[in-house]
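Colleague: got a sequence here, can you build the structure:
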Amino acid sequence: MSRIQTTFVRLQTHKKQALIPFITAGDPHPAATVGLMHALVSGGADILELGVPFSDPMADGPVIQKASERALAHGTSLSDVLGMVREFRRKDADTPVVLMGYANPIEAMGYQAFAEQAKAVGVDGVLTVDMPPEEAGPLAEVLKAHELDPIFLLAPTTPAWRVAEVAKLASGYVYYVSLKGVTGAANLDLDDVASKLSTLREHLSVPIGVGFGIRDAATAQAVARIADSVIIGSRLVQEVEEHGADATPRLIAFMREVRSAMDGARQ
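Modeller: Sure thing, here's the model as predicted:
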């Protein structure tokens, strides 16, 4: 099994849900990223999503857009991000790392070259935000050939035929966007999310993570009652924006609060 699959099996054995934080690589500075990754794990992260900065992050709200801008201002490239994962692996051989970003940087590098390098440095999964499943077959094939999990987004508006396409290609987990809009949006309707997850589970065999709109421990706990994993991004990136590399203790404290709340979700 992959590191991602192993993580979910271990958590399910203990009746726990995965906590998956997101930060943008290269923000606030490339030299800070690996330390922030370790801090998130120290705080209770089960899987890390590492954003690859991109000049037109159309699925992201202002907080993560600005994080990409800061990272790009330091010249952070896809190759740099892969180097960060390599450095992270020197101290952490177990925590899965998922690269989350857009198709252009991967296409510029080439699918084969990207997959080879990603596997070599210790990446476990790849989520390409702007590549729908009906176009993702060639990339998914190359990723799977290198034992990398192709991870897909599903939304409240995703039609049934596209869910079926995702079910054919996805491995690791699926990221369910809990509301309409961009990252950092609010007004999470948990009853609606629970209903949608129930329908999705009729078609999907992989775990389902829920993200967008989760900004505090109470919401994370509520989501943990209905999902296989809780994904938090904008709230963490905002801490980095406000405190820079000094955000480390705040990230650890917030993660521990969320982890504690999630562990009590089904008691």
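Colleague: every contact and neighbour count from this point should use C-alpha atoms.
Modeller: Fine.
Colleague: which residues in the stretch 1-150 of the chain form strands?
Modeller: 18-24, 48-51, 97-101, 125-128, 149-154 (DSSP state E, counting those that start in this stretch).
Colleague: Pro249 is nearest to which of these?
Modeller: Comparison of those against Pro249 by C-alpha to C-alpha identifies strand 18-24 as nearest, at 15.0 Å.
Colleague: same for the closest one, what does it pack against?
Modeller: Under the contact criterion of 3 or more C-alpha pairs under 8 Å, 6 or more residues apart in numbering; DSSP states H and E, the helices and strands touching strand 18-24 comprise helix 3-13, strand 48-51, helix 62-73, strand 229-232, helix 234-243.
Colleague: need those in a markdown table with distance to Ser42 and mean pLDDT, can you?
Modeller: Output for the helices and strands packed on strand 18-24, formatted as a markdown table (distance: least, C-alpha to C-alpha, whole Å; pLDDT from 0 to 100):
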| stretch | distance to Ser42 | mean pLDDT |
| --- | --- | --- |
| helix 3-13 | 16 | 97 |
| strand 48-51 | 12 | 98 |
| helix 62-73 | 22 | 93 |
| strand 229-232 | 16 | 97 |
| helix 234-243 | 14 | 95 |
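Colleague: out of the strands of the stretch 1-150 of the chain, which one sits most buried?
Modeller: Across the strands of the stretch 1-150 of the chain, the average number of neighbours (mean count of other C-alpha atoms under 10 Å) peaks for strand 18-24, which reaches a mean of 26.
Colleague: dead centre of this structure: give me the residue that sits there.
Modeller: Ranked by distance to the mean C-alpha position of the chain (C-alpha atoms, centre = their mean), the top residue is Glu49 at 3.5 Å.
Colleague: wait, that one touches Pro21, no?
Modeller: Yes. Counting by C-alpha atoms under 8 Å, Glu49 touches Pro21, with 6.1 Å between them.
Colleague: residues contacting Pro207?
Modeller: Under the criterion of C-alpha atoms under 8 Å, 6 or more residues apart in numbering, the neighbours of Pro207 are 8, 172-174, 228-229.
Colleague: tally of neighbours for the spatially closest residue to Val240 that is not a sequence neighbour?
Modeller: Taking C-alpha to C-alpha, 6 or more residues apart in numbering as the measure, Val240 lies nearest to Ala247, with 5.5 Å between them; neighbours along the chain are not counted. Ala247 sits with 19 neighbouring residues when counted by other C-alpha atoms under 10 Å.
Colleague: same question for the one 4 residues further on.
Modeller: As a burial measure, Leu251 scores 22 neighbours (other C-alpha under 10 Å).
Colleague: neighbour-wise, which of the contacts of Pro207 leads?
Modeller: Among the contacts of Pro207, where neighbours are counted by other C-alpha under 10 Å, the top count belongs to Ser229, at 29 neighbours.
Colleague: which stretches of the stretch 101-250 of the chain have low pLDDT?
Modeller: Counting by pLDDT under 70, the low-confidence segments of the stretch 101-250 of the chain come to 179-187.
Colleague: tell me which stretches of it form helices.
Modeller: Listed from the start of the chain, the stretch 101-250 of the chain has helices (DSSP state H, counting those that start in this stretch) covering 103-109, 111-121, 137-145, 160-169, 190-200, 217-224, 234-243, 248-263.
Colleague: quick one: neighbours of Thr95, just the number.
Modeller: Residue neighbour count, defined by other C-alpha under 10 Å, stands at 21 for Thr95.
Colleague: let me redo that: Met37
Modeller: Taking other C-alpha under 10 Å as the definition, Met37 ends up with a neighbour count of 26.
Colleague: repeat that for Thr157.
Modeller: Residues contacting Thr157 under the criterion other C-alpha under 10 Å number 9.
Colleague: against Ser2, how distant is it?
Modeller: The gap separating Thr157 from Ser2 is 30 Å, by C-alpha to C-alpha, to the nearest Å.
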